[in-house]
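Visitor: Give me a model of this one.
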Amino acid sequence: MHGDRNHSASMPVEEGVRDVFGVESCQVSQLSPETGLPVVISPVDQRAVADYRKVIGHLIDTHLLTVGGLLFRGFPIESVEDFEIFVRMISPDLASYEFGSTPRSQVHNQVYTSTEYPPHQYIPLHNEQAYTAEWPMRIWFYCAQASPEGGDTPIADSRKVYRHIPVRVRERFIENGVMYVRNYGNGLDVPWTKVFNTADRGVVEQYCRSAGIEYEWKSDGELRTRQVCQAVAVHPLTRETVWFNQAHLFHVSNLEPAVREALLSVVDEDDLPRQAYYGDGTPIELSMLDEIRDVYRCHAVQFPWKRGDVMMLDNMLVAHGRTPFKGPRKILVAMAESSKG
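Guide: Numbers count the residues shown, from 1 in each chain. Take a look at the predicted model:
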């Protein structure tokens, strides 16, 4: 694990937390002395999930905005229904996956599969939907089945990422913002009907207008969109600045070299499934993106999943990714609390 010790060292770790009846019900610890992220919360004894409601609420209030991520380990969460009950204890109104950038399937109500990219691919650290002007403030991951090899969900403190990105890189991005260009469907990316959850062009156009997204229907009937969004953001509660964009993920340089070459041999750059530019439409230097990726790598915190784990992140304070894996793996996701309130 890697991390900035200064921030985590200031976080007190409680030996145990007593519930409203004065009974010690949860243990609070750290995965590693090197980092405070995530805080690990485990039950002292086995009760129904609902019995932990108040103490879990207290622990979230105490730690989430300081550390940014909590790992609930050892609770009786054995199914997607248990996971949904657990999450709704904290945030009753879960969000639907709107204007998504990756393939996902709805499993149960507002619970989804995690990104369905091929197992051999590494998904870079990123904040959920940081490529838009509206995003979920909270995101949960549930390990229904841990992969026998790989398949971790690395995380990183977005405040530290912001602070450690070279000033000249930060200033360039802050000044210009990021333009995301997406071409949907054509067998190369998620179809627009799935991204917008409709087959009605009028509904898509209305969504784009309301979200400040430029759109055009191409001659082949497919959709292209452009949107200029923030490079950094200020957390509404902590008032801390975080690195908050997906330029390094959307840019074609994120693809493996062989895949990138094959893709560019069949489509022009304008028709790439996704691409990132500075907000004024000028190309982003590859060296800038490499420096950003290096910072994420330096601050990534990684640990193996255990079946039944639930990880809760403040989506602005902590980024997440995925390592390659082999064998079966089932990680589910739920989101809540729009940044627009």
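Visitor: Show me the helices in the chain, by range?
Guide: With DSSP state H as the criterion, the chain has helices at 5-9, 53-67, 80-90, 158-164, 167-176, 192-195, 201-211, 247-250, 257-264, 286-299.
Visitor: For burial, what's the neighbour tally of Ser210?
Guide: Neighbour count for Ser210, taken as other C-beta atoms under 10 Å: 8. In short, each C-beta sits where N, CA and C put it, glycine included.
Visitor: Flag the shaky bits of the protein, pLDDT-wise.
Guide: Residues of the chain that meet the criterion pLDDT under 70 lie in 1-24, 97-105, 108-109, 115-116, 341.
Visitor: The same query, at a cut-off of 80, please.
Guide: 1-24, 32-33, 96-110, 113-117, 187, 341 (pLDDT under 80).
Visitor: mind checking how far the residue positioned nearest the centre of it is from Phe173?
Guide: Nearest residue to the geometric centre of the chain (C-alpha atoms, centre = their mean): Glu128, 3.4 Å. Counting by C-beta to C-beta, to the nearest Å, the separation of Glu128 from Phe173 is 19 Å.
Visitor: Likewise for Gln145?
Guide: For Gln145, the distance to Phe173 - C-beta to C-beta - is 38 Å.
Visitor: for Arg322, same thing?
Guide: For Arg322 relative to Phe173 (C-beta to C-beta), the value is 24 Å.
Visitor: out of the helices of the chain, deepest packed?
Guide: helix 247-250 (a mean of 24; mean count of other C-beta atoms under 10 Å).
Visitor: Take the helices of the chain and lay them out in a markdown table including distance to Asp45.
Guide: Listed next are these as a markdown table, based on distance: least, C-beta to C-beta, whole Å:
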| stretch | distance to Asp45 |
| --- | --- |
| helix 5-9 | 28 |
| helix 53-67 | 12 |
| helix 80-90 | 17 |
| helix 158-164 | 35 |
| helix 167-176 | 48 |
| helix 192-195 | 44 |
| helix 201-211 | 47 |
| helix 247-250 | 42 |
| helix 257-264 | 50 |
| helix 286-299 | 36 |
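Visitor: Tell me which of those sits nearest to Asn315.
Guide: helix 158-164 (9.0 Å; C-beta to C-beta).
Visitor: Packing partners of the closest one?
Guide: strand 241-243, helix 286-299, strand 318-322 (3 or more C-beta pairs under 8 Å, 6 or more residues apart in numbering; DSSP states H and E).
Visitor: do that again at 10 Å, thanks
Guide: On a contact count with 3 or more C-beta pairs under 10 Å, 6 or more residues apart in numbering; DSSP states H and E, helix 158-164 meets helix 5-9, strand 123-126, helix 167-176, strand 232-234, strand 241-243, helix 286-299, strand 318-322.
Visitor: Between the ones you listed, which one is closest to Trp140.
Guide: strand 318-322 (10.9 Å).
Visitor: Just want the angle from that closest one to helix 286-299.
Guide: Between strand 318-322 and helix 286-299, the angle comes out at 100 degrees (axes from the mean of the first three to the mean of the last three C-alpha atoms, to 10 degrees).
Visitor: Run a quick neighbour tally on Glu216.
Guide: 10.
Visitor: Tell me what it is bridged to.
Guide: Arg224 (DSSP bridges).
Visitor: Was I right to think it contacts Val204?
Guide: No - Glu216 lies out of contact with Val204 (C-beta atoms under 10 Å); the separation is 11.4 Å.
Visitor: Touching both of the two, which residues are there?
Guide: 223, 225 (C-beta atoms under 10 Å, 6 or more residues apart in numbering).
Visitor: What number of residues are in the vicinity of the closest residue to His251 other than its chain neighbours?
Guide: Distances taken as C-beta to C-beta, 6 or more residues apart in numbering place Ala276 nearest to His251, at 4.4 Å, with adjacent residues excluded. Using other C-beta under 10 Å, the number of residues around Ala276 comes to 22.
Visitor: Let me see the contact set for Ala276.
Guide: Neighbours of Ala276 in contact, by C-beta under 10 Å, 6+ apart: 131, 178-181, 245-254, 283-284, 289.
Visitor: Just read off the phi/psi values of the nearest residue to Tyr122 once chain neighbours are set aside.
Guide: Nearest residue to Tyr122 in three dimensions, chain neighbours excluded: Pro324, at 5.6 Å (C-beta to C-beta, 6+ apart). Torsion angles at Pro324 (phi, psi; degrees, to the nearest 10) stand at phi -60, psi 160.
Visitor: Quick check: Pro324 vs Ser147, distance?
Guide: 9 Å.
Visitor: Which of the two has more residues huddled nearby?
Guide: In terms of neighbours (other C-beta under 10 Å), Ser147 is the more surrounded of Pro324 and Ser147; the figures are 20 against 16.
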